[in-house]
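Trainee: Predicted structure and sequence below. I'll ask about it afterward.
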Amino acid sequence: MAKAGPPRPYRALRHKDFARLLVSQVLSVTGSQMQVVAINWQVYRLTHSPLALGFVGLTRVVPIIVFSLWAGLVADRHDRRKVMIVTQLLMTVAALALAAVTYTDRVTLWLIYGLNAFSAAAGAFDGPSRQSLIPRLVPAEDLPGALSLNFSAYQVSSIAGPALAGAVLAAAGGDRHGLALIYLVNALSFLCVVAALALMREGRGVPVSDGAAATHPIAALREGLHFVFTTPLIVWTMSLDFLATFFSGSMSLLPIFADQVLHVGAGGYGLLASAPAVGALVGSLYLSIVPLPEKQGRVFLWAVGAYGAATVVFGLSRVFWLTLLGLAATGLADAISTVIRQTLRQLATPDALRGRMTSVNMIFFMGGPQLGELEAGFVASLFASAAIGVTVSVVSGGLATILVAAFVARRAAVLRAYDFRQQASSPSPTGRGTG
């Protein structure tokens with residue numbers, strides 16, 4: 001008898017709650033990506049400062065560092081569906097406020113920073129609940145496919161969002177009316193997720209209990225931290241992810257590349273911001289057709305090294321199409337590493353600990369690129385010429401990423417030997433979903 005192949009990702013769409021959430025997330029992330037582009041462009045127009053652009057990342061990461069651990073505990077103790085409804089509504093309020101102050105021309109740099117931080121704080125609570133909810137919506141055998149589809153949907157949105165934002169800004173001449181429209185569209189997009197969550201079957205978001213609800217919050221947090229930092233595979237993938245995105249995080253500098261290096265304006269900026277997602281989508285679609293090999297540790301390490309190399313190409317390029325290609329290559333490499341590490345973490349973590357695991361991971365996953373944006377802006381600001389500064393910042397970060405990947409490849413034997421089949425067959429409570 002022929003050996004059955006791995007389940008195809010589209011099988012996860014049989015489960016209605018997951019399918020509705022996936023579609024709503026496409027709309028919501030599209031709006032959020034439009035807002036990211038708009039904020040960066042607005043800050044650049046207000047200041048023309050790479051350091052000010054770097055501080056946008058800082059306003060996103062500080063709330064994540066402050067709230068993520070508690071957010072993970074909330075996700076493990078409360079209905080994740082209801083938590084997400086609250087967080088989506090709070091992010092709606094932040095987007096509406098940005099639209100209002102921009103349209104009325106009352107916006108200031110510090111007001112942008114403050115509203116961005118408020119939205120990030122809500123997102124800090126949203127992330128652990130959202131990531132922990134997915135394994136509750138599909139059975140264990142469909143989880144890799146669901147995560148792959150979720151990643152593909154994110155990349156589709158990350159292509160459409162920046163491109164649409166660039167088109168809107170170009171059509172409006174980059175003025176406040178175009179920016180306000182983008183913020184309003186994002187506010188409406190969050191309501192799509194609220195609708196999908198409201199239609200979800202009751203009880204889907206309730207975590208599998210391991211007695212954590214009766215545990216003191218500090219003890220519960222300590223339990224989550226102990227699990228994460230005593231699981232070598234999670235530690236190595238999380239640390240490498242943080243360092244790679246810290247050194248290569250430079251997306252906030254794209255307005256300077258578009259304006260002063262490539263001279264392509266707001267429309268070109270939107271295309272540049274979309275390029276990594278194009279590569280990531282290509283990678284995720286490829287992985288949906290040709291599954292990764294079972295021994296995925298070495299593939300993960302090579303993908304991180306390729307991410308650094310592509311960043312170097314992007315930083316050195318002075319041709320628009322080559323810059324697009326370099327950025328797309330970063331997304332392609334990141335797609336491969338993301339699918340591997342997300343599947344690894346979800347399979348290795350009991351359902352009752354998934355929220356806390358995700359919250360710790362969020363600090364590293366989100367903290368790396370956002371702190372990297374600040375680091376990139378600081379390095380770029382050291383040079384009198386913005387064009388030279390952003391080049392040095394991006395290229396040095398890409399080279400550092402390659403060196404870090406090589407170091408981890410040499411030291412982490414457990415990561416080099418990682419085999420998906422062994423992890424999937426190990427007894428770990430996953431929670432399951434049907435229908």
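Mentor: Thanks, I have it. Numbering: from 1, shown residues only.
Trainee: Residue 69 contacts residue 359, doesn't it?
Mentor: Yes. Residue 69 is within contact range of residue 359, at 5.3 Å (criterion: C-beta atoms under 8 Å). (Glycine included, C-beta is placed from N, CA and C.)
Trainee: Give me the common contacts of the two.
Mentor: Residues touching both residue 69 and residue 359 (C-beta atoms under 8 Å, 6 or more residues apart in numbering) are residue 224.
Trainee: And these two? Which one has more around it.
Mentor: Between residue 69 and residue 359, counted using other C-beta atoms under 10 Å, residue 359 has the larger neighbour count: 31 against 20.
Trainee: Would you check how far apart the more buried one and residue 76 are?
Mentor: Here the criterion is C-beta to C-beta, to the nearest Å. By it, residue 359 lies 9 Å from residue 76.
Trainee: list residues touching both of the two?
Mentor: Common neighbours of residue 359 and residue 76 (C-beta under 8 Å, 6+ apart) are residue 224.
Trainee: Which strands and helices lie in contact with the helix or strand containing residue 410?
Mentor: Taking DSSP states H and E as the definition, residue 410 sits inside helix 386-411. Contacts defined by 3 or more C-beta pairs under 8 Å, 6 or more residues apart in numbering; DSSP states H and E place helix 386-411 against helix 50-77, helix 232-248, helix 254-256, helix 297-316, helix 354-381, helix 413-416.
Trainee: Tabulate the ones you listed (CSV), appending mean pLDDT and distance to residue 343.
Mentor: Shown next, in CSV, are the helices and strands packed on helix 386-411 (pLDDT from 0 to 100; distance: least, C-beta to C-beta, whole Å):
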stretch, mean pLDDT, distance to residue 343
helix 50-77, 84, 19
helix 232-248, 86, 11
helix 254-256, 89, 30
helix 297-316, 92, 11
helix 354-381, 77, 13
helix 413-416, 82, 14
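Trainee: got TSV for those, with distance to residue 392 too?
Mentor: As requested, the helices and strands packed on helix 386-411 are exported to TSV (distance: least, C-beta to C-beta, whole Å):
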stretch	distance to residue 392
helix 50-77	11
helix 232-248	13
helix 254-256	12
helix 297-316	8
helix 354-381	6
helix 413-416	31
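Trainee: Out of these, which gets nearest to residue 184?
Mentor: Between residue 184 and the helices and strands packed on helix 386-411, the shortest gap by C-beta to C-beta is with helix 50-77, which sits at 20.1 Å.
Trainee: Report the next helix or strand after that closest one in sequence order.
Mentor: Going down the chain from helix 50-77, the next helix or strand is helix 80-103, by DSSP H and E.
Trainee: how about that following helix: buried residues?
Mentor: For helix 80-103, a neighbour-count test (16 or more other C-beta atoms under 10 Å) marks 80-81, 83-88, 90-92, 94-99, 101-103 as buried.
Trainee: tilt between it and helix 354-381?
Mentor: Angle, helix 80-103 to helix 354-381, by axes from the mean of the first three to the mean of the last three C-alpha atoms, to 10 degrees: 30 degrees.
Trainee: send the alpha carbons of helix 80-103 over as CSV?
Mentor: Extracted C-alpha coordinates of helix 80-103, given in CSV (Å, rounded to 0.1, in the frame of the first residue of the first chain):
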residue,chain,number,x,y,z
ARG,A,80,-9.5,33.8,23.4
ARG,A,81,-12.4,34.7,21.1
LYS,A,82,-13.7,37.3,23.6
VAL,A,83,-10.2,38.7,24.2
MET,A,84,-9.8,39.2,20.5
ILE,A,85,-13.1,41.0,20.2
VAL,A,86,-12.0,43.5,22.8
THR,A,87,-8.6,44.1,21.3
GLN,A,88,-10.0,44.5,17.8
LEU,A,89,-12.3,47.2,19.0
LEU,A,90,-9.5,49.0,20.8
MET,A,91,-7.4,49.0,17.6
THR,A,92,-10.5,50.4,15.8
VAL,A,93,-10.6,53.3,18.2
ALA,A,94,-6.9,54.0,17.6
ALA,A,95,-7.3,54.0,13.8
LEU,A,96,-10.3,56.3,14.0
ALA,A,97,-8.4,58.7,16.2
LEU,A,98,-5.5,58.8,13.7
ALA,A,99,-8.0,59.5,10.9
ALA,A,100,-9.7,62.3,12.9
VAL,A,101,-6.5,64.2,13.9
THR,A,102,-5.0,63.8,10.4
TYR,A,103,-8.1,65.0,8.6
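Trainee: Quick one: work out the angle between that helix and helix 50-77.
Mentor: 160 degrees.
Trainee: which helices and strands sit right next to helix 80-103?
Mentor: Counting by 3+ C-beta pairs under 8 Å, 6+ apart, helix 80-103 packs on helix 16-47, helix 109-137, helix 176-199.
Trainee: helices or strands next to the longest one in the packing?
Mentor: This means helix 16-47. helix 50-77, helix 80-103, helix 109-137, helix 143-171, helix 176-199, helix 254-256, helix 265-289.
Trainee: just checking, which of those sits deepest inside the structure?
Mentor: Mean neighbour count (mean count of other C-beta atoms under 10 Å) peaks for helix 254-256 among the helices and strands packed on helix 16-47, with a mean of 26.
Trainee: Please enumerate residues in contact with that helix?
Mentor: With C-beta under 8 Å, 6+ apart as the criterion, helix 254-256 contacts 40-41, 44, 50, 53, 269, 272-273, 380, 386-387, 390.
Trainee: contacting residues around residue 183?
Mentor: Residue 183 touches 35, 38, 95-96, 98-99, 102, counting by C-beta under 8 Å, 6+ apart.
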